[in-house]
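> Below are the sequence and a predicted model; questions follow.
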Amino acid sequence: MLMANTSSQTTQKPPASGFSGFLDRTYHISERGSTLGREIRGGLVTFFAMSYIIILNPLILGLTPDSTGAFLGAELATGDPTAAGAGIPLIAAATALIAGVLSITMGAVANFPIALAAGLGLNALVAYTIVKMPGMTWVDGMGLVVLEGIVILVLVLTGFRTAVFRAVPAGLKTAISVGIGLFIAFIGLVNAGVVTTPAMFDYVPGNQPGTPVQLGTSKSIDSLPMLVFFLGLLAIIILTARKVRGAMLWSILGATVLAVVLEQTLEIGAKNQGTGAGDNPAGWNLNAPALPDSWVQIPDFSLLGQFSLFGSFGKIGIVAVVLLVFSLLLADFFDTMGTMVAVGGEAGLLDKEGNPPNIQRILVVDSLGAIAGGAGSVSSNTAFIESASGVGEGARTGLAPIVTGLAFLLSTLFAPVVQLVPYEAATPALVFVGFLMMTQVTGIKWSDYEIAVPAFLTMIVMPFTYSITDGIGMGFLVWVIIKIVKGKGREIHPLMWVTTAMFIIYFVLGPIQDLLVG
């Protein structure tokens, strides 16, 4: 890659004059062996590779109620907080807006070819764990995201972020990413109705309970919506294997078109049509693809600022707040550092020690992404590994994410289109992202039980308990126990002692609260 870059630089034409010359000098385009055309193409390719987040983020956040039964943005959109999916257009508009602003900021401030958007896994933690805790609301959950961003920003500015990074064993860092990948894939399968929970808990004397989960409603592919899901997943696999840019986006679009055609011709309808859960077992699992009244509308950004910075403290307690913030922090900045190095390596921009240029600026903008994502009610924004697709197209500078950001801003006008997308069309991307995150599992030394067992527990506990926090806590706790029983307590970083102690309290918080109440 470096040789290719060097060759490109030796044949590079002198910088142009005028505006293109200004861009060349400002972003070091010729110096890094690129051209204005490559930067524009790379920015657009990155947008198409990661723009699925405009669809997936609203579906993850907008169709999941908090502990009070309220859906994100529903009250702002309709006045009824319990209207499932009503806030999806608002979430889509805010998702695109914040991704656009942050990507442009990354390009302008750090001059590095990485774009930002709402992070998958981070939004899952907010939607499926944080806002599900007793008393927690969406504004409380987004407040925790803002707090996490502030903590990361402080860690960056003080240099403490590196210390925290070194405190967690590398194998556990990898296991956290892999576990989140498995969790995301499981969420995708459940939300698409591919994996269902039979009535095993509706026990009838004399009858044997069924399995905890199964394929579809009859242990088979028994509906057209399920077929749409599998066709969409197959499309992603084929397009990715053929190295088609934006494979996930094209799959979502193609599956959505197929879903709309099926719905318009056969009137399949939603699975739950109002008379009871699952009263239409062959229907669309969460939302039927319906054509919008208008394809373009002025975006509604009323979700911006809908967060409560300290509201969660009085509802779940300071210990739970600290643990959740730490969980967000771990999932956020470890992925970012890995993405930063991976994209920089692909672009040939790393120094001999493996560090990218302007590392401090990159990390500051990424930290601001968490703050902006929480303040905008779209969850933490982080660096996207899909930026590597733009680098593969030739992007080498911050001009590429600026182009990506401008494309995101333009997409805010098309929020109603998101309502067309059923879960069966969108969730194949979740499953495939889970696969991409799973590929990191080779970074764990499985022959070393000291790290392999905690890593394994981290990965499996996340999807099996439907909680990212539980997985991280279990892995940390077992790792510390193994170190202690092997007489290696001195190898445990002080931060790991503190974190593990908090996780012990977290795991027994329910019984402690019962004792205090009693």
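Received, thanks. Residues are numbered from 1 along each chain as shown.
> all helices of the stretch 201-350 of the chain, in order?
For the stretch 201-350 of the chain, applying DSSP state H, counting those that start in this stretch gives helices covering 224-241, 247-266, 313-347.
> Need those in JSON lines (columns: distance to Arg38, mean neighbour count and mean pLDDT).
All C-beta atoms are positioned from the backbone trio N, CA, C, and that covers glycine. Listed next are these as JSON lines, based on distance: least, Cβ to Cβ, whole Å; neighbours: other Cβ atoms under 10 Å; pLDDT from 0 to 100:
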{"stretch": "helix 224-241", "distance to Arg38": "22", "mean neighbour count": "19", "mean pLDDT": "93"}
{"stretch": "helix 247-266", "distance to Arg38": "21", "mean neighbour count": "19", "mean pLDDT": "89"}
{"stretch": "helix 313-347", "distance to Arg38": "11", "mean neighbour count": "21", "mean pLDDT": "79"}
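> So which of those is nearest Leu23?
Counting by Cβ to Cβ, Leu23 lies closest to helix 313-347 out of the helices of the stretch 201-350 of the chain; the figure is 17.7 Å.
> Can you show me the CA trace of the following helix or strand past the closest one as CSV?
As assigned by DSSP states H and E, the chain's next helix or strand after helix 313-347 is helix 359-375. Extracted C-alpha coordinates of helix 359-375, given in CSV (Å, rounded to 0.1, in the frame of the first residue of the first chain):
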residue,chain,number,x,y,z
ILE,A,359,-4.2,11.6,16.5
GLN,A,360,-5.2,14.0,19.3
ARG,A,361,-7.6,15.9,16.9
ILE,A,362,-9.1,12.7,15.7
LEU,A,363,-9.9,11.5,19.2
VAL,A,364,-11.3,14.9,20.3
VAL,A,365,-13.7,15.0,17.4
ASP,A,366,-14.7,11.4,18.1
SER,A,367,-15.3,12.3,21.7
LEU,A,368,-17.5,15.2,20.6
GLY,A,369,-19.4,12.6,18.6
ALA,A,370,-20.6,10.9,21.7
ILE,A,371,-21.7,14.2,23.2
ALA,A,372,-23.5,15.3,20.0
GLY,A,373,-25.2,12.0,19.5
GLY,A,374,-26.6,12.0,23.0
ALA,A,375,-27.7,15.6,22.8
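> Report the rounded mean pLDDT for helix 359-375.
Mean pLDDT, helix 359-375: 93.
> List the buried residues in that helix.
359, 361-375 (16 or more other Cβ atoms under 10 Å).
> moving C-terminal of it, what's the next helix or strand?
strand 381-383.
> which strands and helices sit next to that following strand?
In terms of contacts (3 or more Cβ pairs under 8 Å, 6 or more residues apart in numbering; DSSP states H and E), strand 381-383 is packed against helix 88-110, strand 116-118, helix 313-347, helix 359-375.
> which parts of it are buried?
381-383.
> what does that strand rub up against?
98-99, 102, 106, 114-119, 122, 332, 335-336, 339-340, 343, 362, 366, 369-370, 372-373 (Cβ atoms under 8 Å, 6 or more residues apart in numbering).
> follow-up on the earlier one: tabulate the helices of the stretch 201-350 of the chain (CSV), appending distance to Gly394.
Below are these laid out as CSV (distance: least, Cβ to Cβ, whole Å):
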stretch, distance to Gly394
helix 224-241, 20
helix 247-266, 19
helix 313-347, 9
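> contacting residues around Ser327?
Ser327 touches 125, 468-469, 472, counting by Cβ under 8 Å, 6+ apart.
> hmm, try it at 6 Å
By Cβ atoms under 6 Å, 6 or more residues apart in numbering, the contact list for Ser327 reads 469, 472.
> what about it, distance to Ala320?
10 Å (Cβ to Cβ, to the nearest Å).
> go on, Ala93?
Remark: distance between Ala93 and Ala320 (Cβ to Cβ) = 31 Å.
> for Thr500, same thing?
16 Å.
> what phi and what psi does the backbone show at Leu23?
Leu23 adopts backbone torsions of phi -60, psi -40, taken as degrees, to the nearest 10.
> Cool, thanks, signing off.
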